[in-house]
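**Student:** Need the 3D shape of this:
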Amino acid sequence: MSIETKKIEDIKEFKEIIGNNQRIMGLDVGSKRIGISISDPELKIAISLKTINRDKSIKLFNDLNNVVQKFKIGGLIFGMPLNMDGSLGKSAQSVTDTALLISQNLKIPYGFWDERLSSVAVERYFEKPKKSRKKNMINKKEIDNLAAAFILDGALQYINN
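**Tutor:** Numbers count the residues shown, from 1 in each chain. Just a heads-up that it's a prediction; the model follows:
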(Lines give C-alpha, C1' and ligand atoms only; values in the text may rest on other atoms or scores of the structure.)
Protein backbone atom coordinates (compact mmCIF):
# COMPACT_ATOMS: atom_id res chain seq x y z
CA MET A 1 0.00 0.00 0.00
CA SER A 2 1.57 3.25 -1.08
CA ILE A 3 -0.07 6.58 -0.47
CA GLU A 4 0.91 10.04 -1.58
CA THR A 5 3.62 12.03 0.07
CA LYS A 6 2.07 13.84 3.02
CA LYS A 7 3.54 15.59 6.02
CA ILE A 8 1.92 14.15 9.12
CA GLU A 9 1.45 16.79 11.82
CA ASP A 10 0.49 14.35 14.60
CA ILE A 11 2.42 11.13 14.18
CA LYS A 12 -0.35 9.17 15.89
CA GLU A 13 -1.97 9.33 12.43
CA PHE A 14 0.59 6.79 11.20
CA LYS A 15 -1.36 4.07 12.99
CA GLU A 16 -4.40 4.80 10.80
CA ILE A 17 -2.75 5.51 7.46
CA ILE A 18 -0.19 2.77 7.02
CA GLY A 19 -1.28 -0.66 5.92
CA ASN A 20 -1.22 -3.94 7.78
CA ASN A 21 2.26 -5.39 8.25
CA GLN A 22 3.86 -2.14 7.16
CA ARG A 23 6.61 -0.59 9.21
CA ILE A 24 7.86 2.88 9.99
CA MET A 25 11.42 3.89 9.16
CA GLY A 26 13.25 6.27 11.49
CA LEU A 27 15.96 8.52 10.08
CA ASP A 28 18.66 10.48 11.87
CA VAL A 29 19.78 12.92 9.18
CA GLY A 30 23.27 14.33 9.48
CA SER A 31 25.43 16.33 7.13
CA LYS A 32 27.58 13.29 6.20
CA ARG A 33 25.48 10.25 7.11
CA ILE A 34 21.91 9.12 7.69
CA GLY A 35 21.18 6.61 10.43
CA ILE A 36 18.32 4.25 9.65
CA SER A 37 16.07 2.25 11.95
CA ILE A 38 12.83 0.37 11.33
CA SER A 39 9.90 -0.62 13.47
CA ASP A 40 8.47 -4.08 13.76
CA PRO A 41 5.16 -4.58 11.87
CA GLU A 42 3.19 -4.06 15.11
CA LEU A 43 4.79 -0.60 15.55
CA LYS A 44 6.05 -1.48 19.03
CA ILE A 45 9.83 -1.90 18.71
CA ALA A 46 12.51 0.22 17.03
CA ILE A 47 15.31 -1.79 15.44
CA SER A 48 18.64 -0.22 14.54
CA LEU A 49 19.33 -1.09 10.89
CA LYS A 50 22.30 0.69 9.32
CA THR A 51 23.96 3.96 8.43
CA ILE A 52 24.33 5.20 4.87
CA ASN A 53 26.51 7.97 3.54
CA ARG A 54 24.93 11.09 2.12
CA ASP A 55 26.74 10.90 -1.17
CA LYS A 56 24.93 11.55 -4.39
CA SER A 57 21.15 11.94 -4.23
CA ILE A 58 20.46 9.12 -6.70
CA LYS A 59 22.45 6.60 -4.65
CA LEU A 60 20.84 7.84 -1.43
CA PHE A 61 17.34 7.49 -2.89
CA ASN A 62 18.17 4.02 -4.24
CA ASP A 63 19.55 2.88 -0.86
CA LEU A 64 16.47 4.19 0.97
CA ASN A 65 14.10 2.74 -1.63
CA ASN A 66 15.72 -0.68 -1.17
CA VAL A 67 14.98 -0.49 2.57
CA VAL A 68 11.41 0.64 1.87
CA GLN A 69 10.79 -2.28 -0.48
CA LYS A 70 12.56 -4.93 1.59
CA PHE A 71 10.85 -4.04 4.88
CA LYS A 72 7.48 -2.77 3.57
CA ILE A 73 7.88 0.73 4.96
CA GLY A 74 4.66 2.76 5.11
CA GLY A 75 5.90 5.93 6.79
CA LEU A 76 9.00 7.91 7.71
CA ILE A 77 9.92 9.57 11.01
CA PHE A 78 12.73 12.11 10.79
CA GLY A 79 14.56 13.27 13.86
CA MET A 80 14.07 17.03 14.18
CA PRO A 81 17.13 18.72 15.71
CA LEU A 82 15.43 21.52 17.62
CA ASN A 83 17.45 24.02 19.59
CA MET A 84 17.43 23.49 23.35
CA ASP A 85 14.80 26.23 23.69
CA GLY A 86 12.56 24.39 21.19
CA SER A 87 13.15 26.81 18.32
CA LEU A 88 14.14 25.85 14.80
CA GLY A 89 17.72 26.50 13.70
CA LYS A 90 19.84 25.86 10.62
CA SER A 91 20.03 22.11 11.28
CA ALA A 92 16.24 21.87 11.58
CA GLN A 93 15.79 23.64 8.25
CA SER A 94 18.29 21.29 6.61
CA VAL A 95 16.44 18.24 7.97
CA THR A 96 13.09 19.69 6.84
CA ASP A 97 14.41 20.19 3.31
CA THR A 98 15.99 16.72 3.22
CA ALA A 99 12.82 15.10 4.58
CA LEU A 100 10.73 16.70 1.87
CA LEU A 101 13.11 15.52 -0.88
CA ILE A 102 13.29 11.97 0.48
CA SER A 103 9.55 11.61 1.07
CA GLN A 104 8.71 12.99 -2.37
CA ASN A 105 11.15 10.60 -3.99
CA LEU A 106 9.88 7.59 -2.03
CA LYS A 107 6.21 8.73 -2.16
CA ILE A 108 5.71 7.98 1.53
CA PRO A 109 4.08 10.03 4.29
CA TYR A 110 6.48 11.51 6.82
CA GLY A 111 6.60 13.24 10.16
CA PHE A 112 9.10 14.61 12.64
CA TRP A 113 10.12 13.68 16.18
CA ASP A 114 12.12 15.88 18.55
CA GLU A 115 15.63 14.45 18.58
CA ARG A 116 17.33 16.85 20.98
CA LEU A 117 20.33 15.09 22.48
CA SER A 118 19.56 11.70 20.90
CA SER A 119 23.13 11.23 19.65
CA VAL A 120 24.51 12.42 22.98
CA ALA A 121 22.28 9.96 24.84
CA VAL A 122 23.43 7.08 22.63
CA GLU A 123 27.10 8.07 22.97
CA ARG A 124 26.85 8.22 26.75
CA TYR A 125 25.00 4.92 26.96
CA PHE A 126 27.56 3.06 24.88
CA GLU A 127 30.69 4.85 26.05
CA LYS A 128 33.37 2.48 27.25
CA PRO A 129 34.77 3.35 30.69
CA LYS A 130 38.44 3.93 29.87
CA LYS A 131 40.94 6.77 30.01
CA SER A 132 40.61 8.11 26.49
CA ARG A 133 36.97 8.95 25.92
CA LYS A 134 37.42 9.65 22.21
CA LYS A 135 39.25 6.42 21.40
CA ASN A 136 36.87 4.16 23.27
CA MET A 137 33.50 5.20 22.00
CA ILE A 138 31.59 3.15 19.54
CA ASN A 139 32.01 3.93 15.87
CA LYS A 140 30.24 7.12 14.68
CA LYS A 141 28.34 5.15 12.05
CA GLU A 142 26.91 2.95 14.80
CA ILE A 143 25.92 6.03 16.79
CA ASP A 144 23.96 7.34 13.79
CA ASN A 145 21.81 4.25 13.36
CA LEU A 146 21.40 3.81 17.12
CA ALA A 147 20.31 7.45 17.34
CA ALA A 148 17.77 6.70 14.59
CA ALA A 149 16.44 3.82 16.72
CA PHE A 150 16.34 6.11 19.77
CA ILE A 151 14.30 8.65 17.77
CA LEU A 152 11.96 6.02 16.35
CA ASP A 153 11.49 4.42 19.76
CA GLY A 154 10.30 7.74 21.21
CA ALA A 155 7.87 8.19 18.32
CA LEU A 156 6.55 4.63 18.64
CA GLN A 157 5.95 5.10 22.37
CA TYR A 158 3.98 8.25 21.58
CA ILE A 159 1.99 6.52 18.83
CA ASN A 160 1.04 3.66 21.15
CA ASN A 161 0.14 5.69 24.25
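**Student:** and the next element down the chain from the helix or strand bottoming out on mean pLDDT in the chain?
**Tutor:** Using mean pLDDT, DSSP states H and E, helix 118-126 stands out as the lowest-scoring helix or strand of the chain, at a mean of 60. Per DSSP states H and E, the first helix or strand lying C-terminal to helix 118-126 is helix 140-160.
**Student:** Need the residues that contact that following helix.
**Tutor:** 11-12, 14-15, 24-28, 30, 33-39, 43-51, 77, 79, 111, 113-115, 118-119, 121-123, 126, 137-138 (C-beta atoms under 8 Å, 6 or more residues apart in numbering). All C-beta atoms are positioned from the backbone trio N, CA, C, and that covers glycine.
**Student:** low pLDDT regions in the chain?
**Tutor:** Along the chain, segments meeting pLDDT under 70 span 1-4, 116-141.
**Student:** And the helices in this structure?
**Tutor:** With helices called from DSSP state H, the chain shows them at 14-17, 57-71, 90-106, 118-126, 140-160.
**Student:** right, so the ones you listed: which one is the most enclosed?
**Tutor:** helix 140-160 (a mean of 22; mean count of other C-beta atoms under 10 Å).
**Student:** follow-up on the earlier one: would you mind telling me which of the helices of the chain is nearest N83?
**Tutor:** Closest approach to N83 among these (C-beta to C-beta): helix 90-106, 7.7 Å.
**Student:** Filter the contacts of helix 140-160 down to the buried ones and express that as a ChimeraX selection.
**Tutor:** The buried residues among those can be selected in ChimeraX (16 or more other C-beta atoms under 10 Å) with this line:
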select :11,14,24,25,26,27,28,30,33,34,35,36,37,38,39,43,46,47,48,49,50,51,77,79,111,113,115,118,119,122,123,137
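**Student:** middle-most residue in this protein, spatially?
**Tutor:** L27 (1.7 Å; C-alpha atoms, centre = their mean).
**Student:** which one is that residue nearest to, not counting chain neighbours?
**Tutor:** Once flanking residues are discounted, L27 sits nearest to F78: 5.1 Å by C-beta to C-beta, 6 or more residues apart in numbering.
**Student:** surely the one you found meets A99?
**Tutor:** Yes: F78 is within contact range of A99, at 4.4 Å (criterion: C-beta atoms under 8 Å).
**Student:** so what sits against both of those two?
**Tutor:** L27, V29, Y110, F112.
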